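Novice: sequence and computational prediction follow.
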Amino acid sequence: MLEISFVKPALPKAGAIVALLAEGAEPAGLLKTLDEAADGAIARALDAAGFKGRKGQSATIWAPAPGLTKLVAIGLGPLDKLTPEGAEAAGGSAWPAISGETAALVATDALDAPVAVRVAMGALLRSYRFDKYRTTEKAEDKPKLAKLSLAAANPTTAKNAFAPFKAVAEGVFLTRDLVSEPPNVLYPAEMAERCKALEALGVQVQILGPKEMKKLGMGALLGVAQGSAQEARLVAMRWKGVTPKKGDKPICFIGKGVTFDTGGISIKPAGGMEDMKWDMGGAGTVIGLMAALAGRKAKADVVGLVGLVENMPSGNAQRPGDVVTSASGQTIEVINTDAEGRLVLADVIHYAITQYDPKWMVDLATLTGAIIIALGHEHAGLFSNDDALAAQVLEAGTTTGEACWRMPLGEAYDKGLKSDIADMKNVGGRPGGSITAAQFIQRFVQGRPWVHLDIAGTAWSSKDTATVPKGATAFGVRLLDRLVADHYEG
Amino acid sequence: MRFAAVTEHFSARAAIGLENGFDAQGQTIALDPSLGDEADGARAWAALAEPSRGLEIDAREWPTDAAVAIATGAALRAWRMPKGAPTCLKPALLVLCRAPEEARRLWPRAAAAVAGNLFARALVAEPANRLTPANFVERMKALAEEGLTVSVLGPQELERRGYGALSAVGRAAPTGPYLVTLEWKGAGQPIAFVGKGLCFDNGGISIKPALGMEAMRADMAGAAACAGAMLALALRGAAGAAVAVLAVAENAIGADAYRPGDVLISASGRSIQVMDTDAEGRLALADALHHAITRHAPRAVVDIATLTGSIVTALGHHRAGLFGNNPTLRDALMTMGEVVGEYLWPMPIGTAHREDLNSDIADILQCAPAGRLLPDACHAAAFLKEFVGETAWAHLDIAGVETAEEDTPLAAKGAPTGFGARLLEGLVEG
């Protein structure tokens, strides 16, 4: 992980310097010092490059001073319109320009301390790279920058302010690692083992295997797992950041963790099937979120639950037409074995309610292709039976840049799940496919306040954004960390 | 349809306290005492064993406006496919209410909306060999008798004026394309309705699979809804002004058909690269929206179209997609949708949706290149947004709700719903 340090403003002797400039602002602080030392050549060069400090604008000046390789100027737009997310984007967009340097300093000394912290967070988030399986990559193709310095008027204050962000970034990286791991390496038991590592942060971790789950009657989850050589796991993680008072209830996050989804007997087409390694994205996010909350010692009582299975076709696999009995006692006719995520969630949600009696629940799942056809990749689909909770999640999504879009629920959609021989079918047909999936899950929440996030379109990104390199996005970690911070920390 | 205070002899009666069944006087139908709304009236009609013999509904338990709603629901549910309706022995529907005089005063406005809805349904039900673009235009011209001002731009005129998008879509068919304008000259700046009127859509060169293609006769349901709304406004003599601009065409295949890869110059001057000739609705709407906005300076414009399969995957058959650029207009439509039982759901237009339409050689792609899991409904809305400028605008994607996939309160399974006619009509004051 890129090391971040905050230092007293002083011109570096070597490496690159990054200057963040608001639109229409004159050079100040270190940049001004640099410019004066060069008799105004820096300002003239930026002017000649057409650099005006507009949001998203950047310019590079090579060898701006003896010893320095380059100056990278990044535009912030008008200062009065600069948001924390804008500062992160600026920090993130600096990363590709400096990652090949051996040393780099960001001249944030003339900006407010909170801005500097967010710039650091942006650069850190963007610096993520999953390269453990690249054995022949040449050294010069790898990023060299191991430590990024940011100039701040009061480095200690900035460092302390940055600590919780660093903890969240560690949670994000954990999620990205889990989602990026190939499915032969990351199977349910291995993923459960990795949850165990959270104990070092003070998280209580409990792992259930097939025997325990069978005893609890989790026929829906186990039905999905039965075709695979890999055993299923259910992992319960609890972070007690507060001593609960009598009557206090924990809040609960639940993740779908299908470590690989072939579709089972209703097997998927070959094209793009490799993407199904990230069908555990919801669980990956819950695990990273627990790490983030524990890492920053959030003052909240939080339970994270992940249902981990592999969906494989085999002689022992579940068939279309099978009827399974869920832990809640409700029976499900399996029409399509590739609609497996909701079967896993059904039993994990029931477990959450019976074991923890939560105040509310949020589940995350890479659940349906239909949500991508509905919304694309900019929004996760949000379904809820509780307007107040839904509004809080939507707001946290907007402020963290992990946007959600509310989708409808209703009796008319629920009717699509009617089965001729069981309490319900596991699919309701193509029309409104994400909605009927949510209706299915809703049948297991027993009227508790609940939000379901369908992250099939947002868990993975096919292109770089300012703070998220292409690949696993860890969508939801920052959003839900924010939700807890804004509303549930006492 | 009559309102009265005293019962007459009918062989079928609906009232609170009855059980579904038959007694000495004929059929009895139970009303739900908790409702007293359109759905109650519609359910009573749907339960009728012999519609041709008429029905008496006892609505005296409810206030007069509920009696009117019950009558409205029954009248909508009573719509049948036009294949020679049986004659009625009695007045088809008698609604008993406490104040028949008051009901008769309230009824004309409701009846106008019902007539608009049923007009739209009749258009949607017509097969494409009968309802050609030219025939559609003739039926629109007949609306002049109701007090609407009707004007038509034909194929040559559209070509001459540079309506390159609509012209391309309609040119391989034997008749059309046309741009039909229906005006209701009320007070103030008009609200504009823009409808997609593809009398048949075989997909063109990007031809559709055979399975289910017959349903494409309904691809003019947006235009039909606009026409129905305008008819309702005329029948009730609305105070406010409204204008409907209908893009009427048939997307056919032929030697002169437009092709994937073609670049079209739309009426707005923007160039459009065609990717899929079966995404023709947005092309027709682009020119119609431009025409409505530049010619009529509307205070708001609402377009309505059976536009994408994507919206069916997103919202199913119970809600239409609502896109737009104006929260006030969005909220007004959402509210009116709840009132008339034509349910909508807001959907996003994101920056990535527009970026997906960046073209190498033209101002915009008509749709994203073919691929898996494309948010085509959002793409279509992002496309249309390019043609509305700053005007307050909403786009209703009604694919999936123009025909009742199952029995709904107001329409029998398989029947056109007339979705949109009452919704749009309700936006105009007075």
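Specialist: Thanks, I have it.
Novice: which stretches of the stretch 301-430 of chain B form helices?
Specialist: Under the criterion DSSP state H, counting those that start in this stretch, helices of the stretch 301-430 of chain B are mapped to B:310-315, B:327-340, B:351-355, B:376-385, B:421-425.
Novice: quick check: buried residues in the longest one?
Specialist: The neighbour-count check on helix B:327-340 (16 or more other CB atoms under 10 Å in any protein chain shown) flags B:Leu329, B:Arg330, B:Ala332, B:Leu333, B:Met336, B:Gly337, B:Val340 as buried. (C-beta placed from N, C-alpha, C; glycine too.)
Novice: so which of the helices of the stretch 301-430 of chain B gets nearest chain A?
Specialist: The closest approach between chain A and any of those, judged by CB to the nearest CB, belongs to helix B:310-315 at 3.3 Å.
Novice: give me the helices and strands touching the closest one, please.
Specialist: Counting contacts by 3 or more CB pairs under 8 Å, 6 or more residues apart in numbering or on different chains; DSSP states H and E, the secondary-structure elements packed against helix B:310-315 are helix A:370-375, helix A:433-442, strand B:320-324, helix B:376-385.
Novice: make a markdown table from these and add distance to B:Ala279 to it.
Specialist: Compiled in a markdown table, the helices and strands packed on helix B:310-315 are given as follows (distance: least, CB to CB, whole Å):
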| stretch | distance to B:Ala279 |
| --- | --- |
| helix A:370-375 | 15 |
| helix A:433-442 | 21 |
| strand B:320-324 | 16 |
| helix B:376-385 | 7 |
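Novice: could you dump those to a markdown table with mean neighbour count and distance to A:Ile17?
Specialist: Below are those laid out as a markdown table (neighbours: other CB atoms under 10 Å in any protein chain shown; distance: least, CB to CB, whole Å):
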| stretch | mean neighbour count | distance to A:Ile17 |
| --- | --- | --- |
| helix A:370-375 | 28 | 41 |
| helix A:433-442 | 26 | 48 |
| strand B:320-324 | 25 | 46 |
| helix B:376-385 | 27 | 40 |
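Novice: measure how buried residue 154 is and give me the count.
Specialist: Going with chain A. Burial of A:Asn154 is recorded as 13 neighbouring residues (other CB atoms under 10 Å in any protein chain shown).
Novice: other chain: chain B
Specialist: B:Gly154 has 16 neighbouring residues, counting by other CB under 10 Å.
Novice: and it, what does it touch?
Specialist: Contacts for B:Gly154 were tallied using CB atoms under 8 Å, 6 or more residues apart in numbering or on different chains; they are B:Tyr178.
Novice: poorly predicted segments of chain B, please.
Specialist: Flagging of chain B using pLDDT under 70 yields the residue ranges B:82-91.
Novice: tell me what the strand ranked longest in it is packed against?
Specialist: Of all the elements of type strand in chain B, the one with the most residues (DSSP state E) is strand B:187-201. In terms of contacts (3+ CB pairs under 8 Å, 6+ apart), strand B:187-201 is packed against helix B:133-141, strand B:178-184, helix B:221-236, strand B:240-251, helix B:281-296, strand B:300-305.
Novice: need the ones you listed in a markdown table (columns: mean neighbour count and distance to chain A).
Specialist: Converted to a markdown table, the helices and strands packed on strand B:187-201 look like this (neighbours: other CB atoms under 10 Å in any protein chain shown; distance: least, CB to the nearest CB, whole Å):
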| stretch | mean neighbour count | distance to chain A |
| --- | --- | --- |
| helix B:133-141 | 19 | 28 |
| strand B:178-184 | 24 | 31 |
| helix B:221-236 | 30 | 17 |
| strand B:240-251 | 29 | 22 |
| helix B:281-296 | 25 | 17 |
| strand B:300-305 | 28 | 18 |
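Novice: need those in CSV (columns: distance to B:Gly418).
Specialist: Formatted as CSV, the helices and strands packed on strand B:187-201 follow (distance: least, CB to CB, whole Å):
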stretch, distance to B:Gly418
helix B:133-141, 15
strand B:178-184, 16
helix B:221-236, 6
strand B:240-251, 15
helix B:281-296, 19
strand B:300-305, 12
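Novice: give the pairing partners of the helix or strand hosting A:Ala73; include direction for each.
Specialist: Using DSSP states H and E, A:Ala73 sits within strand A:68-77. Strands adjacent to strand A:68-77 in the sheet, as given by DSSP bridges, are strand A:15-22 (parallel), strand A:58-62 (antiparallel).
Novice: quick check: next helix or strand after it?
Specialist: Following strand A:68-77 in sequence order, the next helix or strand is helix A:84-98 (DSSP H and E).
Novice: run the chain-centre distance for the top helix by length along chain A.
Specialist: Across chain A, the longest stretch assigned as helix under DSSP state H is helix A:155-180. Mean C-alpha position of helix A:155-180 versus that of the full chain (CA atoms, centre = their mean, to the nearest Å) differs by 12 Å.
Novice: which element follows that helix toward the C-terminus?
Specialist: Heading C-terminal from helix A:155-180, the first helix or strand you meet, by DSSP H and E, is helix A:188-196.
Novice: now for B:Glu56, how many residues are close by?
Specialist: Using other CB under 10 Å as the criterion, B:Glu56 is surrounded by 24 other residues.
Novice: that one belongs to a helix, doesn't it?
Specialist: No: with DSSP: H, G, I helix; E, B strand; the rest coil as the criterion, B:Glu56 is located in strand rather than a helix.
Novice: separation between it and B:Pro108?
Specialist: In this structure, B:Glu56 and B:Pro108 are separated by 21 Å, where distance is defined by CB to CB, to the nearest Å.
Novice: now for the residue most central in space within chain B: which residues touch it?
Specialist: Among the residues of chain B, B:Ala225 comes closest to the average C-alpha position under CA atoms, centre = their mean, at 2.7 Å. Neighbour list for B:Ala225: B:Ala120, B:Phe193, B:Gly195, B:Ile304, B:Ile398, B:Gly418, B:Phe419, B:Gly420, B:Ala421, B:Leu423, B:Leu424 [criterion: CB under 8 Å, 6+ apart].
Novice: so what's the closest residue to chain A within the stretch 251-400 of chain B closest to, chain neighbours aside?
Specialist: Relative to chain A, the nearest point of the stretch 251-400 of chain B is B:Gly316 (2.5 Å; CB to the nearest CB). Leaving aside its sequence neighbours, B:Gly316 sits nearest to A:Gly432 (CB to CB, 6 or more residues apart in numbering or on different chains; 2.5 Å).
Novice: returning to that earlier point: wait, which of the helices and strands packed on helix B:310-315 is closest to B:Ala46?
Specialist: When these are ranked by distance to B:Ala46, counting by CB to CB, first place goes to strand B:320-324 at 22.8 Å.
Novice: direction included, what does the closest one pair up with?
Specialist: Sheet partners assigned to strand B:320-324 using DSSP bridges are listed as strand B:344-346 (parallel), strand B:393-397 (antiparallel).
Novice: domains of chain A?
Specialist: By the record's domain assignment, chain A is partitioned as A:3-157, A:168-487 (automatic domain parsing).
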